[in-house]
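**Q** For reference, the sequence and a predicted model appear below.
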Amino acid sequence: MRSRDAALDGIRAIAALGVWLLHVGSNTGVMYREGMLPWMMSRLGIAVPIFFLLSGLLLYRPWARAVIEDTARPRPARYLWRRIMRVMPVYWLVTGLALWAWSSFDWTGWLKWMLLAQNFFPADPTPDGLYQMWTLPIEMSFYLLLPIMAWLLHRFARGGNRPVRLLIGISVLPVICVATVAVTRLYGLPQLALLLPYHLIYFACGMAMAVLSVWIGHSRVIDSLAPQLLVLAGLLYALLSTGLAGPRTLTLPTLSQSLWRITLEAAVAVLVVAPFALASRPDSARNRVLGNPVSAYLGRISYSFFLWHAPVITLQLKLTGAQPFQGDFVSVAVVSFIVTLLLSIGSYHLIEVSALKLSGHRSAPAPRRPAPAPQPAAPAP
């Protein structure tokens, strides 16, 4: 098994817990109450941009290293096989159980969901317990397109300052994102928000961070400014938790609100991840806090936790007969956390680890840095 960066695992754990808390708050109605805390709870969806950024960082880094350091490029077929084995087996288990329990789909509906194609059919109803799964088709779209994007960036970077040219090439992706957001809002096409182009800015930030991590390695500037960067992330998150970034309900935001939201989410995600990805120092307080054994382990099982938490919350509410937005927050939080945690531990060790072994997942050399840190494993959402 490839060595992992414990602090980035800790970030992944916090992001997964944020998604869980968001859905506990929304299902019990707490998120829609008055006050700053409910507003801040409603923006815990920031976890998704963080997941997307980590995917761009960790998955593109081998390709960035191939360009900058003239190392061997990843083999696309092998890379894609590992991505499929990383994501799909436990997804099939959780989704299959939820479809069997709460959907009336025929075989075509099952096929769409089992192939992660549900986002391309927005008119179809979302089965109970699977409302969090909209992020996975976006992740898989990025996985499939990454070898092509990496090849194009590799060709573009030849014959000049390679890191700079890579960053210039990557800068096209946020432009595509902004254009997609504008089309989505100006022409009333909310279904575009379920597709990869709408979210490219987050993956692009991660890819740019991958280039910087290979190019400059450990940044003393970011290391010295890490506390300030994390405080700034908190302040921007507070700004994100206002009407500036759109409503808390399912009411569609305006173009201005959408642009503010993606900008603030991207900024918060970068400020949270950069002190660990570009200035990893195991002896620092931030690394000791996020990289402790408990949070690192929660990060390793975070994919299973992400998959299981919504079906568990749904089942709990159905068994207790709670009305929509009327469940008891404390009981839903406690029970759903314990049950989801136990299911996640089981599916991680029985399914995820076994699938990774079958995919041929082996150790890889750590990046060459002035202050080397363990290379993290590629993430799942």
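**A** Perfect, thanks for sending it.
**Q** shaky segments in this protein?
**A** In the predicted model of the chain, residues 1-3, 361-381 satisfy pLDDT under 70.
**Q** What segments of it are strands?
**A** With DSSP state E as the criterion, the chain has no strands.
**Q** And the residue nearest the centre of it?
**A** The chain has Phe51 as the residue nearest its centroid, 1.7 Å off, counting by CA atoms, centre = their mean.
**Q** So that residue versus His218, what's the distance?
**A** As judged by CB to CB, to the nearest Å, Phe51 and His218 stand 24 Å apart. Backbone N, C-alpha and C define where each C-beta goes, glycine included.
**Q** Also Leu194?
**A** 38 Å.
**Q** and if you look at Gln228?
**A** Going from Gln228 to His218 by CB to CB gives 18 Å.
**Q** neighbour-wise, which of these two wins?
**A** The neighbour count for Gln228 versus His218, taken as other CB atoms under 10 Å, is higher for His218 (16 against 11).
**Q** Is the more buried one in contact with Pro282, as I believe?
**A** No. His218 is beyond contact range of Pro282, at 11.6 Å (criterion: CB atoms under 8 Å).
**Q** and Phe142, how many neighbours does it have?
**A** 24.
**Q** Verify the contact between Val87 and Ser141 for me.
**A** No. Assessed by CB under 8 Å, Val87 is found out of contact with Ser141, at 12.0 Å.
**Q** Please say which of the two ends up with more neighbours.
**A** Neighbours per residue, other CB under 10 Å: of Val87 and Ser141, the larger number sits with Val87, 21 against 18.
**Q** what's the distance between that one and Phe306?
**A** Counting by CB to CB, the gap from Val87 to Phe306 is 11 Å.
**Q** Which helix in this structure has the most residues?
**A** helix 76-102 (DSSP state H).
**Q** Ser103 touches Thr126, doesn't it?
**A** No. Judged on CB under 8 Å, Ser103 makes no contact with Thr126 at a distance of 9.3 Å.
**Q** Quick check on the two: which one has the bigger neighbour count.
**A** Neighbours per residue, other CB under 10 Å: of Ser103 and Thr126, the larger number sits with Ser103, 19 against 14.
**Q** what residues are up against the more buried one?
**A** 109, 127-128 (CB atoms under 8 Å, 6 or more residues apart in numbering).
**Q** mind putting the residues you listed in JSON lines, neighbour count and distance to Leu116 included?
**A** What follows is those, written out as JSON lines (neighbours: other CB atoms under 10 Å; distance: CB to CB, whole Å):
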{"residue": "Gly109", "neighbour count": "17", "distance to Leu116": "13"}
{"residue": "Pro127", "neighbour count": "22", "distance to Leu116": "14"}
{"residue": "Asp128", "neighbour count": "18", "distance to Leu116": "19"}
